[in-house]
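Participant: Sequence and predicted model, in that order:
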Amino acid sequence: MKRHFLIQSILFIVGIVTLTAVLFACKKDKLTEPPINNNESASYDSKTNLIVERIKRFDNQLKDIKKGVYRSDVYVDVDSAIWNIESLFNTTYSFPEKNYVEKTIQELTFDVDTYNNMLSMNDVSVLYDNIVTSVREAYRNDGFTSDKGLMSIFIEKEDVRSGGVSVKVVVVSGKTDYQHHDYEPILFGPFDKYACWYYGEYGGSCDDPTIMTDAAELLEDTINYVYGYKPDNQIDRRNIYVNLQSVFLYGNEYKNPSGTDYYLFYKENCDIEELYLDANELNEYYYAEVDVILNIVPNDPKYSPSMPEDWIFMEVNIDGVSAYQDVGPVYMHNNYIFYGSKYSVSKDEFGIQKDLLYN
């Protein structure tokens, strides 16, 4: 099996001081939110038991392969192998419900040999070990030296060809805030009439460009606090996340309902004034983001076939960036949206997660 790496890091920096400043700049306003089609509740009972049994069975298979007591002629389809690897890894090593104040996204690519579009279990075992080793190295070198966590990995197949397949692993890690602030949604959400922020690139507010945040970061933080991960409050239980799906949007994929402009922030060759978003514009983009994340993307034929049946929204990363294209400079909010299925299980099933740097 051959392996190579493609690492693309995107750093999101929102410090504690910045977050404190944001709290004074924003407050909840009772505006009408778009209809939401988000399955927030966790699934239980028989379906949960099947998920738990499948992850445990795969773990036992890997252990038997290492012991040399597993049959060498067993093959599995690529999609099943990806699901098993992703689910076991995240159940063992990921901490999606920590509070991340800075994030990095890295991508790793692995080439795997196939036989009639199937993988041998021996190769699956090697792939899992290589992913663990490579993610550990990426996590170790993600730019954070303390108070860090591995949020999740997302695995998908890319280049399917005769005799092989490329597998992409998206690694999301970051700096954590161990105070675990339990902010009420009333403190976030649609922005008050005094809010005004530069679109991105950590350009600060209209009054103070030295504040290390921007409109994209504030939209991201607000949406994640209100709609993102919800920990299990029962002391003897934990959540596991499977069927993970990542979606990347440049910002120009969807038009607004009137068809007059892009739904998300995406400006081509615009005046500088358009890059500063006042309260009305921030509110519009906030509700547009929520609508895209919770309704439009899950029902888009491009993504809906790969969405889990009982999906929930997990996290979004919004990055305000610029690029020079044929039309001139383009300013946009790139979105990395993460979905999955959430299941509440007893901590006795898998124990607590392990820190990948020390295990």
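Facilitator: Yes, it's here.

Participant: Strands of the chain, residue ranges please.
Facilitator: The residue ranges that make up the strands of the chain, judged by DSSP state E, are 3-4, 10-13, 75-77, 100-113, 118-120, 148-161, 164-176, 196-198, 237-249, 266-268, 276-278, 312-325, 328-346.

Participant: Save those strands as a markdown table, and put in mean neighbour count and distance to Asp208 too.
Facilitator: The C-beta positions use only the backbone N, C-alpha and C, and glycine is treated the same way. Formatted as a markdown table, the strands of the chain follow (neighbours: other CB atoms under 10 Å; distance: least, CB to CB, whole Å):
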| stretch | mean neighbour count | distance to Asp208 |
| --- | --- | --- |
| strand 3-4 | 12 | 44 |
| strand 10-13 | 16 | 16 |
| strand 75-77 | 16 | 55 |
| strand 100-113 | 20 | 20 |
| strand 118-120 | 20 | 54 |
| strand 148-161 | 19 | 29 |
| strand 164-176 | 21 | 23 |
| strand 196-198 | 23 | 10 |
| strand 237-249 | 20 | 29 |
| strand 266-268 | 17 | 22 |
| strand 276-278 | 18 | 12 |
| strand 312-325 | 20 | 17 |
| strand 328-346 | 21 | 20 |
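
Participant: Of those, which is nearest Leu50?
Facilitator: Nearest to Leu50, of all the strands of the chain, is strand 328-346, at 9.9 Å by CB to CB.

Participant: got any ranges where the stretch 51-200 of the chain has weak pLDDT?
Facilitator: 178-189 (pLDDT under 70).

Participant: repeat that with 80
Facilitator: For the stretch 51-200 of the chain, applying pLDDT under 80 flags the ranges 177-190.

Participant: Distance to Tyr303 added to the strands of the chain, as TSV?
Facilitator: Formatted as TSV, the strands of the chain follow (distance: least, CB to CB, whole Å):
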stretch	distance to Tyr303
strand 3-4	27
strand 10-13	20
strand 75-77	21
strand 100-113	18
strand 118-120	25
strand 148-161	12
strand 164-176	15
strand 196-198	29
strand 237-249	6
strand 266-268	19
strand 276-278	27
strand 312-325	13
strand 328-346	9
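
Participant: for the ones you listed, which one sits closest to Thr91?
Facilitator: Proximity to Thr91, assessed across the strands of the chain by CB to CB, is greatest for strand 237-249 (5.0 Å).

Participant: other SSEs contacting that closest one?
Facilitator: Using 3 or more CB pairs under 8 Å, 6 or more residues apart in numbering; DSSP states H and E as the contact criterion, the neighbours of strand 237-249 among helices and strands are helix 45-67, helix 78-93, strand 148-161, strand 328-346, helix 347-350.

Participant: cutoff 6 Å now
Facilitator: The elements that strand 237-249 packs onto, with contact taken as 3 or more CB pairs under 6 Å, 6 or more residues apart in numbering; DSSP states H and E, are helix 78-93, strand 328-346.

Participant: how about a markdown table for the ones you listed, with distance to Asn116 added?
Facilitator: Putting the helices and strands packed on strand 237-249 into a markdown table (distance: least, CB to CB, whole Å) gives the following:
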| stretch | distance to Asn116 |
| --- | --- |
| helix 78-93 | 11 |
| strand 328-346 | 29 |
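
Participant: Which one of these lies nearest to Asp271?
Facilitator: strand 328-346 (10.9 Å).

Participant: Give me the angle between that closest one and strand 148-161.
Facilitator: Here strand 328-346 points in a direction 110 degrees away from that of strand 148-161 (axes from the mean of the first three to the mean of the last three CA atoms, to 10 degrees).

Participant: Distance from the chain centre to strand 328-346, please.
Facilitator: Its chain's average C-alpha position is 5 Å from that of strand 328-346, according to CA atoms, centre = their mean, to the nearest Å.

Participant: Pull that strand out as CSV, backbone CA atoms only.
Facilitator: Presented in CSV, the C-alpha positions along strand 328-346 are these (Å, rounded to 0.1, in the frame of the first residue of the first chain):
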residue,chain,number,x,y,z
GLY,A,328,-10.7,40.9,-10.5
PRO,A,329,-10.4,40.6,-6.7
VAL,A,330,-13.0,38.3,-5.1
TYR,A,331,-13.9,38.4,-1.4
MET,A,332,-15.7,35.5,0.1
HIS,A,333,-16.7,33.4,3.1
ASN,A,334,-15.4,29.9,2.6
ASN,A,335,-17.5,27.4,4.6
TYR,A,336,-16.4,24.0,5.9
ILE,A,337,-19.6,22.4,7.2
PHE,A,338,-19.6,19.1,9.2
TYR,A,339,-22.5,16.8,9.7
GLY,A,340,-22.9,13.4,11.3
SER,A,341,-25.2,11.1,13.4
LYS,A,342,-25.1,11.3,17.2
TYR,A,343,-25.7,8.3,19.4
SER,A,344,-25.7,8.4,23.2
VAL,A,345,-24.1,5.3,24.7
SER,A,346,-23.0,4.1,28.2
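
Participant: circling back to that earlier point, ok, which of the helices and strands packed on strand 237-249 comes nearest Val167?
Facilitator: Shortest distance between Val167 and those, using CB to CB, is found for helix 78-93: 6.7 Å.

Participant: Residues contacting that closest one, please?
Facilitator: Helix 78-93 is contacted by residues 55, 58-59, 119, 124, 128, 152-153, 155, 157, 165, 240-242, 350, 354, 356 when judged by CB atoms under 6 Å, 6 or more residues apart in numbering.

Participant: buried stuff in it?
Facilitator: 78, 81-93 (16 or more other CB atoms under 10 Å).

Participant: orientation of that helix relative to strand 328-346 in degrees?
Facilitator: Counting by the same axes, to 10 degrees, helix 78-93 points 70 degrees away from the direction of strand 328-346.

Participant: How far off centre is helix 78-93?
Facilitator: How far helix 78-93 lies from its chain's middle: 16 Å, per CA atoms, centre = their mean.
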